[in-house]
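1. got a predicted structure here, sequence first:
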Amino acid sequence: MSVEPRSTRAEVLALLRQGKALTLADMIEHLPIDSKRQVRRHLKTLREAGLSIQEEARGREKVFSLPLGELAVEDAPVSLTEQQALALVVAAEAGRAALAPTPLAEPLAAGFGKLLDRLDRASGTYDLGRLREQWHFGTEPAASTFDGDAFDTLVKALNERRPVRIAYDPAHASDAPRKRTISPLMMAAPGGSWRCVAYCHYREAPRDFTLSRIEDITLLTNDVAIRPDDFDADLYFHERFGALGGETRVVRLLVEPDAARYFREKSYHSSQVVEEARDDGRLVVSFEVEGLEDMTSWVQSWGLSVKVLDPPELAERIAEDARRVAVRYEDASEDDATPDADRPDA
């Protein structure tokens, strides 16, 4: 759209493009405007010119903002070394693969195209346009599809430090309500499965929320998000099964009474849920994990105190490992039956 660059209307547009949600009073404070009626007139004209000005209630007032796709970053010159420019090109290609299923894929392609044109003309060492085509970070389909509006709302919540209200369909049985409030902490996509790590107000702890399972989402504009002081993203992802990513699987375990108290007292994974407490003291515990490699060794470390109920392939893998160990120890007597005469001198 075209707006006279030095007009008051252009100043309204520039203020909105800074990405803030503003009341009429806010705009009067920052602009050469004397009344709310004047602000409304400018907003109406901008809308008629094709600008998607959003309007929502915040307490007793209305706030106005632009959607992410219409915000602008202007007058941001930067000086880069040749290696920094090359690293930025490679990072953009990696980002293109990672962001393919998200609403950020198209803006990345368009925005980086503009940046690459400038970088390529300024670089005296690298042919950045050609080098861009010589990096490949995978074109595998996303592990799951999800609503782009949910993604945008979570990003907005992170930016404004707001909680959200979601309707969530967990992959396994859960005692948590379907609708709950969460405070987003970060976005992640291990193994191509996009999720939001958020402080769950019901669990009172950080949890993973797979984007494809979010059925409805509302930004709580009047509330402030909760961020635990001790939350460490690197530690959160390091101390979990499948930290390197993989297909998301639901694992169900039968825990014997001698180990049940440990599962009641401690959460071994952010998705841990005690699905059933049986009269005989045993528990059925479930996890939602990426890949089964780490889970295999962890279950084996519990010995006879834990048995895999699902998935069948994990149960069979552990049973096969146990059979191999048994065979190995059955042959142990033969390995140790070396005559003394054949032993080397000490």
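-> Yes, it's here. If you're wondering where the values come from, they're calculated on a predicted model, not measured in any experiment. Numbering: from 1, shown residues only.
2. dump the residue contacts of the closest residue to Val90 other than its chain neighbours.
-> Among residues not flanking Val90 along the chain, Trp135 sits closest, at 5.5 Å (C-beta to C-beta, 6 or more residues apart in numbering). In short, each C-beta sits where N, CA and C put it, glycine included. Applying C-beta atoms under 8 Å, 6 or more residues apart in numbering, we find Trp135 in contact with Val89, Val90, Glu93, Ala94.
3. who wins for most neighbours among those residues?
-> When neighbours are counted by other C-beta atoms under 10 Å, Val89 leads those with 23 neighbours.
4. part of a helix, is that one?
-> Yes. Checked against DSSP: H, G, I helix; E, B strand; the rest coil, Val89 lies within a helix.
5. about what we covered before: any idea how far Pro101 is from the residue nearest to Val90?
-> 20 Å (C-beta to C-beta, to the nearest Å).
6. Glu256 too?
-> 41 Å.
7. quick one, which of those two is more surrounded?
-> The neighbour comparison of Glu256 against Pro101 (other C-beta under 10 Å) goes to Pro101, with 20 against 16.
8. just say helix, strand or coil for the more buried one.
-> coil.
9. which residues of the stretch 201-346 of the chain fall in strands?
-> Using DSSP state E, counting those that start in this stretch, the strands of the stretch 201-346 of the chain run over 205-210, 214-219, 248-255, 273-277, 283-290, 306-310.
10. in TSV, list those strands along with distance to Arg227, mean pLDDT and mean neighbour count.
-> Formatted as TSV, those follow (distance: least, C-beta to C-beta, whole Å; pLDDT from 0 to 100; neighbours: other C-beta atoms under 10 Å):
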stretch	distance to Arg227	mean pLDDT	mean neighbour count
strand 205-210	10	88	20
strand 214-219	16	95	17
strand 248-255	25	89	20
strand 273-277	24	90	16
strand 283-290	23	87	22
strand 306-310	34	95	17
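11. dump the ones you listed to JSON lines, plus distance to Lys179.
-> Shown next, in JSON lines, are these (distance: least, C-beta to C-beta, whole Å):
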{"stretch": "strand 205-210", "distance to Lys179": "13"}
{"stretch": "strand 214-219", "distance to Lys179": "8"}
{"stretch": "strand 248-255", "distance to Lys179": "22"}
{"stretch": "strand 273-277", "distance to Lys179": "17"}
{"stretch": "strand 283-290", "distance to Lys179": "19"}
{"stretch": "strand 306-310", "distance to Lys179": "27"}
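12. so which of the ones you listed comes closest to Asp127?
-> Set against Asp127 and scored by C-beta to C-beta, these come closest in strand 283-290, at 38.0 Å.
13. show me what that closest one is packed against.
-> Counting contacts by 3 or more C-beta pairs under 8 Å, 6 or more residues apart in numbering; DSSP states H and E, strand 283-290 is packed against strand 248-255, helix 257-265, strand 273-277.
14. just checking, what packs against the first one?
-> Contacts defined by 3+ C-beta pairs under 8 Å, 6+ apart place strand 248-255 against strand 283-290, strand 306-310.
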